[in-house]
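Student: Let me see the structure of the following:
(4 chains)
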4 protein chains.
Amino acid sequence: MFGQLVRRSAQCPCPGRSDAGLAQLGQDLLEDHRELTRLHDTLRGKGLKGACGTSASYVELMGSTAAARSLEARVMELLGLQAFEAATQTYPRKQDLVVVSALASLAQSFYKFAFDLRFLQTPAIGELSEPFGTHQVGSSAMPFKRNPVSAENVCSLARQLAALPRIAWDNAAHSLLERTLDDSANRRSLLPEAFLLADAIIERTRRVLDGLVHTPAATERLLATYGVFAATEKVLLEASRAGGDRQVLHEVLRDQAMVAWAAIGRGEPNPLPELLAGDARITQWVPAGRLPGLLDARAHVGDAPERARRMAAMMRAAVDERVGGTEHGDRA
Amino acid sequence: MFGQLVRRSAQCPCPGRSDAGLAQLGQDLLEDHRELTRLHDTLRGKGLKGACGTSASYVELMGSTAAARSLEARVMELLGLQAFEAATQTYPRKQDLVVVSALASLAQSFYKFAFDLRFLQTPAIGELSEPFGTHQVGSSAMPFKRNPVSAENVCSLARQLAALPRIAWDNAAHSLLERTLDDSANRRSLLPEAFLLADAIIERTRRVLDGLVHTPAATERLLATYGVFAATEKVLLEASRAGGDRQVLHEVLRDQAMVAWAAIGRGEPNPLPELLAGDARITQWVPAGRLPGLLDARAHVGDAPERARRMAAMMRAAVDERVGGTEHGDRA
Amino acid sequence: MFGQLVRRSAQCPCPGRSDAGLAQLGQDLLEDHRELTRLHDTLRGKGLKGACGTSASYVELMGSTAAARSLEARVMELLGLQAFEAATQTYPRKQDLVVVSALASLAQSFYKFAFDLRFLQTPAIGELSEPFGTHQVGSSAMPFKRNPVSAENVCSLARQLAALPRIAWDNAAHSLLERTLDDSANRRSLLPEAFLLADAIIERTRRVLDGLVHTPAATERLLATYGVFAATEKVLLEASRAGGDRQVLHEVLRDQAMVAWAAIGRGEPNPLPELLAGDARITQWVPAGRLPGLLDARAHVGDAPERARRMAAMMRAAVDERVGGTEHGDRA
Amino acid sequence: MFGQLVRRSAQCPCPGRSDAGLAQLGQDLLEDHRELTRLHDTLRGKGLKGACGTSASYVELMGSTAAARSLEARVMELLGLQAFEAATQTYPRKQDLVVVSALASLAQSFYKFAFDLRFLQTPAIGELSEPFGTHQVGSSAMPFKRNPVSAENVCSLARQLAALPRIAWDNAAHSLLERTLDDSANRRSLLPEAFLLADAIIERTRRVLDGLVHTPAATERLLATYGVFAATEKVLLEASRAGGDRQVLHEVLRDQAMVAWAAIGRGEPNPLPELLAGDARITQWVPAGRLPGLLDARAHVGDAPERARRMAAMMRAAVDERVGGTEHGDRA
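Tutor: A predicted model of the protein is given here:
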């Protein structure tokens, strides 16, 4: 999973914004990875503490509290699990709350990615899309359809997982004097459901990433039409440096941008470069000849690629550290 | 707060069950303390990354990505805050989700304590109760009332806090391409509300703990009536050891317990000791003379006091480590 | 279900408070019944509106919008279901939200009943308890236990159902331009789960009601100990009428009640009647001889029995109207 | 509000899909309107039932249950509010749950509208946008920006309101024996917040609707590019009628559509009409000359306009019935 994102992130030909977006997704997943790893490594069981958590019968049977504790230690070692220091009839249900919350947080990261992807796959955008089988049928009534079914599936399941932490909160908050069993019936579905939903979400996203389709022409088209707006920041910067009043320049850019939007709305190419080149309030500070270069958004990505690579390296390191390189090596 | 719980835990004269209960509350709060401390220490800001998170304008202004990064580092050092490696228009809203979830988990611990306390304050139980001022009026219509108003207040506010993580999940999940601002309006109340609710819950509980009233007579009464049931475990154990069939003994104890419950229901003292002393199926394995000793629940607390003390020590250590002993010293 | 509650309500020998409590439960269930009946009777389907909800292909096939509408009307009549006037790719998911919310509201009524029952079954109260089979084993380690397993089960499942409306809200809110299918995966479990949980909750409660155990001795004991407090309202009333200052009397009653609580805490009988009979601030307005009569809570139930009977009649009428008397007759 | 939607719906020049969409929004709001109206008209208060809901003191004061009931009736008539038949210390909190759930359902309708609008305002779509003041500044760093701030605000607040029904559920479910006051602290913000959020959401949406901007050129552009896909349904229909095999035709349309999508992705005009005109598998059933007419999506809207008008009439009637035509008349 991580390996794939790392590879994607490295290959992705989109300019800064997408780098930043994918890098942020990676960063979010890295957080989830750290939290789930931490929880996995510190998961505890009730231990051998008898019906009320006092170990009374074990102390009785073994002859001393030390002997009962030692028995508990040996059993838990065999299970490869730590024991809670204090427990009652059950282990504290806060652990369930924390685990289910971490899974819901993981679901949030994937929801966001899938939601973004569905937006980017909208025909009018069309930069990225999930794989669509050659013989896959989108709709029996609409032969032309290529729905982002996997991304929709991920959002749907993530939304379901997002509802579960509250059940765990209730169980933990209402375990009255630690003896109520009103968590019993719902935990039978709550815990497996939370993990199964997380599994399905991860698996589905992995398949999406494996076959993710990038349409460079769409990126080109969008950059040509809209990138120029983002690049006006450089014009504003250079004109201010040259002595222009930032407030006035901002207003000029805003007014001309409004004219440009209207043209784009009519399906025309973005006229902003020409509008600025013909506007003396701009050209008195920035020669018209400099404008085409300044207005190329491709050159206005700051340190986004650098940060994206650094994030990819951090993710790679996290995977390597965790699995000794095997999972990462296998998949990427 | 912790200091008070530690002190309470040490003074509490109740037998094993209460020790285990308070120790488990302490353990839950210790978890919350660790998690909130960890989050506090790793909280990050967006840093200086400009409108889209690419630092494009800073790179432009400073001349290089290295210089922009160095500027960010200096500013964040002044703020005493780390910066996210990757950000976009905003820092990733997952951080809000994780923080608000941790506060809701804290609220869960306090809810459980307050809920338990309300139960223990019920007149028919009456072991513990929150402080009630000499001139406090419980109800204008019912002069005799001493409502657990603080504990109810804690539950009420905790319930409100429990609803907030979901708003944070939504904000994080729907920050479409990191540029939507649909988190803006609700974050203005979400974040302060979460912290203010947590504050109110902690303050209210602190006051409850400061004046917590234990009624030893109630504990005595409950132990005399119900403790004997719990202590039958020792009879079962000793009779089994002596050669009795556990299945048969279990049924005998169950049948006699049912008779005892009926008597208690009629307001009579628990007749179970006499019933067992007169039942040959028991006395053939355990001499009747041993029964009074075995049926004293006070002696059947296993390692609960030990674990409670260990937990108190762990909490004390956590507080000491965090505040160099000052907060703990001040309050306890 | 309703028939049973009606019967219970009529037989219940408890004084006013319990009448009011059961009547209020009945009132809540009556609300749920009305709402679910209303929703059942107005449930709508998408109808025959084609892939996008425009009926375009049906209009094409049938030759006119009138003919397409008439076809839809005939099909829906066969299905015994109304059609939404407007639909798109799907019927509006608000319907799911409203239905699942109504089921969650039903679950709330049952949760409250089960929660109350668990409290009333606590040994120290013991007024009501759920049926416990002669050979039922409460716990393998604790032969004496009679856990309210059914009531705990109801609370557990109700808590799970309470989490579902939010998923339905999300589905409805995010059905972007009515063409997203991100509700698809979770609706497959959301809708059946909501109904199955409701079924399980109702069935379990029905069994509890069928075998509900009332322990009159416990009610007597509680009334003798605590009822007298409630009845002080009559003393306050009569003393005020006789010319006493309500504020002063309130304080007297409050002070003596505090003394009485302390005695009860020590396991003694409630001394309040004697305390008041010996307090001149009371007896100057109410002769000591009147006090025993005034302090009998049994006579201080106002119109609660009347209201409970009226509520039972309203429930009976609702059931009769709905099922022509058959369900009600069968079960009660 | 309704009047505005009705007017918008009538003026809206978009083809079937938008009609269906707006009509469905209207239908959802009509549901909300009916439900909130119903709740408004049946809202109940506790009435005059004293501290425990038994009216005991009123019966005492007035001399009979009939007199107490008559007093309650008179007071409630003055308040213009009905009284619950049964109440306890408080009126049943289910009413809060039902009211807050209905407000959350209202928020869901507005969320969906605002969410759709934000999507339609995306530059690459651009069909609809919220009003943007001539001197409004979208962003200090990005002078060209016209964010859908109102729609984002509506989504943000609706998300907050969506979290509130759960608090009301908790309050109702846990009002233990109707005497707990653990709802008290949170109801002070829960109820006003729910109504204030609903107000803000409605007001903000009203302003959006008042100034809603439709860009017909964008609709034209989108119809020219994508409408042709939707219209292939008519080709499929006519070719099938003429004797073509639906399965085969579906595959042909699917294959050619995939070619067309690729061209669109490269920024070319949709070549589907030419592709189909040149494909004998189509033209053997539908003469090429018929294709331009069939592929005009404008003519493939079925009964959507009719249904939209009917829905507008239903909304108008609901408003007229409610306010005697005044609100509707004032605003539309």
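Student: quick one: low-confidence parts of the stretch 1-150 of chain A?
Tutor: Counting by pLDDT under 70, the stretch 1-150 of chain A shows low-confidence ranges at A:1-21, A:134-135, A:138, A:141.
Student: now with 90?
Tutor: A:1-25, A:50-54, A:56-57, A:60-61, A:88-89, A:122-127, A:132-147 (pLDDT under 90).
Student: which parts of it sit against chain D?
Tutor: Applying CB under 8 Å from any CB of the partner chain, we find that the stretch 1-150 of chain A lies next to chain D at A:119, A:122-126, A:137-138, A:140-144, A:146. In short, each C-beta sits where N, CA and C put it, glycine included.
Student: After the helix or strand containing residue A:217, which helix or strand is next? Please name it.
Tutor: For residue A:217, the element it lies in under DSSP states H and E is helix A:216-222. Once the chain leaves helix A:216-222, the next helix or strand it forms, by DSSP H and E, is helix A:228-241.
Student: Check the offset of the helix holding residue A:217 from the chain's centre.
Tutor: 24 Å (CA atoms, centre = their mean, to the nearest Å).
Student: Now intersect the residues of the stretch 1-150 of chain A next to chain D with the helices, please.
Tutor: residue A:119 (DSSP state H).
Student: Mind checking which of the residues of the stretch 1-150 of chain A next to chain D are buried?
Tutor: For the residues of the stretch 1-150 of chain A next to chain D, a burial check counting by 16 or more other CB atoms under 10 Å in any protein chain shown picks out A:119, A:122, A:123, A:124, A:125, A:126, A:142, A:143, A:144, A:146.
Student: need the contact list for the third one.
Tutor: Spelled out, that is residue A:123. Taking CB atoms under 8 Å, 6 or more residues apart in numbering or on different chains as the criterion, residue A:123 is in contact with D:225, D:226, D:261, D:264.
Student: Just the closest residue of the stretch 151-300 of chain A to chain D, please.
Tutor: Chain D sits closest to residue A:257 of the stretch 151-300 of chain A, with a gap of 3.5 Å, by CB to the nearest CB.
Student: what's the burial count for that residue?
Tutor: For residue A:257, the neighbour count with other CB atoms under 10 Å in any protein chain shown is 23.
Student: quick one, what contacts the spatially closest residue to it that is not a sequence neighbour?
Tutor: Excluding its sequence neighbours, the residue lying closest to residue A:257 (CB to CB, 6 or more residues apart in numbering or on different chains) is residue D:144, at 3.5 Å. Each residue near residue D:144 by CB under 8 Å, 6+ apart is listed here: A:229, A:232, A:253, A:254, A:257, A:260, A:261, D:138.
Student: Would you check how far apart residue D:144 and chain C are?
Tutor: Distance check for residue D:144 against chain C: by CB to the nearest CB, to the nearest Å, it reads 25 Å.
Student: my guess is residue A:86 meets residue B:308, correct?
Tutor: Yes: Residue A:86 sits in contact with residue B:308 when judged by CB atoms under 8 Å, with a separation of 7.1 Å.
Student: Could you list the alpha-carbon positions for stretch A:128-144 in CSV?
Tutor: Only the C-alpha atoms of stretch A:128-144 are listed here, as CSV (Å, rounded to 0.1, in the frame of the first residue of the first chain):
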residue,chain,number,x,y,z
LEU,A,128,-7.2,10.9,-12.8
SER,A,129,-9.5,8.0,-12.9
GLU,A,130,-9.7,4.6,-11.4
PRO,A,131,-9.0,1.6,-13.7
PHE,A,132,-11.9,0.6,-15.8
GLY,A,133,-11.8,-2.9,-17.3
THR,A,134,-12.0,-3.3,-21.1
HIS,A,135,-15.2,-5.3,-20.8
GLN,A,136,-16.5,-3.6,-17.7
VAL,A,137,-20.1,-2.3,-18.1
GLY,A,138,-20.8,0.9,-16.3
SER,A,139,-24.6,0.8,-16.6
SER,A,140,-27.1,-1.4,-18.5
ALA,A,141,-29.1,1.7,-19.5
MET,A,142,-26.1,4.0,-20.1
PRO,A,143,-23.5,2.2,-22.1
PHE,A,144,-21.2,5.2,-22.0
